[in-house]
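Colleague: next comes the sequence, and after it the predicted model I'd like to discuss.
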Amino acid sequence: MNEDLNFEAYLLISQKKLIISVLTDLNEKIFEKELKINNNEKKLIFDELDIFLNENIFELEKKLKYFVKKIIVVIDLDEFLPIEISIKRSNYENVINLSGLNHTLNEVKDYCKETIGKRRIVHMVINNYKIDYKDFSSLPLDIYCKSFSLNVSFLCISESLIKMIEIILKRYQISLSNILSAKYINEFLKNEKIDFFIMAKKIIEGHNPNEVLMVNKTNKNLGFFEKFFNFFN
C-alpha cells in the first residue's frame, strides 16, 4: 500500500443519498461514489450505509493502494440540536487576549454540555462580540476594555447516532475522525462556487475565523492554532 499519498476521505449521510469522496491535500478529487436512496427511517439509512461501504471501500482502497483508516462524516439529517448561549464579563478591566478568551469559551462550552445531555458538540461559533457595549463581528485582540460579552451558537448531535456510525465504520477498520453538519457547510457555499467536499475541507482547516475548532488531543498538526481558537475534546 502507498504510504506517501496524502488524502482525506469524506462520507455524506443523508435521507436522499450517500456519497463517499476522497480529496488529496491539493484538493484534487481522486475518488467519488454516490448512492441515491429514498426513505425516512434512520435504521434503513444505516442499513443502506453498511451495504454502500461494503460495495465501495475495497474498490477505493484498491485505487488508492492505501488502507482508509479514518473518515470525515458529513451528516445531512434532521438530527442537530441548535443552542445559543450568551456570557458577559462585567468589571473586566483588563486587556482581551487569546488566553482570557479561551478561558471564557471553555466556560461557555461547559454550560452547553450541562444542557445537551447525551449529545456531542459538532460546531461552536462565536456570533457576536460586544466590547464596552460596541458590537464586533470579529475579535479585536489586545485592547483594554471594562466589560465584554459573547454570543455563541452550538450545533450538537446525539451520541447514539455517532455510535451507530462508528459501529458500521469499525466493520471496515475505519475510525471516525470528524463530524460536520451539511447544512452548516451549505451556508458557506452560497457565496462560493466550489465543490461541497472542498468546502468541508476548508471548514475543518478554519475557513470560518469565528468557529472554535474542536481538535483531538492526539492531533499534532495544529498549524492553525495561531490564527484560530482550538479546544481539546
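Modeller: Yes, it's here. Residues are numbered from 1 along each chain as shown.
Colleague: which residue is nearest the centroid of this protein?
Modeller: For the chain, the residue nearest the mean C-alpha position is L180 (3.8 Å; C-alpha atoms, centre = their mean).
Colleague: assign the nearest residue to I71 once chain neighbours are set aside to one of the three secondary structure states.
Modeller: Nearest residue to I71, sequence neighbours excluded (C-beta to C-beta, 6 or more residues apart in numbering): A9, at 4.5 Å. Bear in mind the C-beta positions are built from the backbone N, C-alpha and C, glycine included. Reduced to three states with DSSP: H, G, I helix; E, B strand; the rest coil, the structure at A9 is strand.
Colleague: remind me, longest helix of this structure?
Modeller: The residue-count maximum for a helix in the chain (DSSP state H) belongs to helix 42-64.
Colleague: helices and strands around it, which ones?
Modeller: strand 7-14, strand 17-24, strand 29-36, helix 159-170 (3 or more C-beta pairs under 8 Å, 6 or more residues apart in numbering; DSSP states H and E).
Colleague: now the biggest strand by length in the chain and helix 159-170, what's the angle there?
Modeller: Longest strand in the chain, counting residues (DSSP state E): strand 119-131. The directions of strand 119-131 and helix 159-170 differ by 120 degrees, with axes from the mean of the first three to the mean of the last three C-alpha atoms, to 10 degrees as the criterion.
Colleague: list the buried residues of the longest helix of the chain.
Modeller: I45, F46, E48, L49, F52, L53, N56, I57, L60, L64 (16 or more other C-beta atoms under 10 Å).
Colleague: pLDDT added to those, as TSV?
Modeller: Below are these laid out as TSV (pLDDT from 0 to 100):
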residue	pLDDT
I45	90
F46	91
E48	94
L49	95
F52	96
L53	97
N56	96
I57	96
L60	94
L64	89
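Colleague: list just the nearest of the residues you listed to V73.
Modeller: Distance to V73, by C-beta to C-beta, is smallest for L49 among the buried residues of helix 42-64, at 10.0 Å.
Colleague: for E59, see how far away the closest one is.
Modeller: 16 Å (C-beta to C-beta, to the nearest Å).
Colleague: same question for I19.
Modeller: In this view, I19 and E59 are 14 Å apart by C-beta to C-beta.
Colleague: specify the beta-bridge partners of the residue nearest to I71.
Modeller: Assessed by DSSP bridges, A9 has beta-bridge partners V22.
Colleague: what's the burial count for it?
Modeller: 21 (other C-beta atoms under 10 Å).
Colleague: spit out the contact partners of it.
Modeller: A9 is in contact with I20, S21, V22, L60, V68, K70, I71, I72, counting by C-beta atoms under 8 Å, 6 or more residues apart in numbering.
Colleague: write the ChimeraX selection for whichever of these are buried.
Modeller: The buried subset of those, as determined by 16+ other C-beta under 10 Å, is captured in ChimeraX by this line:
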select :20,21,22,60,68,71,72
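Colleague: reformat the contacts of A9 into CSV and put distance to I37 next to each item.
Modeller: Converted to CSV, those look like this (distance: C-beta to C-beta, whole Å):
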residue, distance to I37
I20, 14
S21, 17
V22, 21
L60, 19
V68, 22
K70, 24
I71, 19
I72, 20
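Colleague: which residues does the longest helix of the chain contact?
Modeller: Contact with helix 42-64 is made by 1-2, 5, 7, 9, 13, 15, 18, 20, 22, 30-31, 33, 35, 37, 39, 67-68, 77, 161, 164-165, 168-169, 171-172, 174, as judged by C-beta under 8 Å, 6+ apart.
Colleague: name the helix or strand of the protein that has the lowest mean pLDDT.
Modeller: Lowest by mean pLDDT, DSSP states H and E among the helices and strands of the chain is strand 230-232, with a mean of 43.
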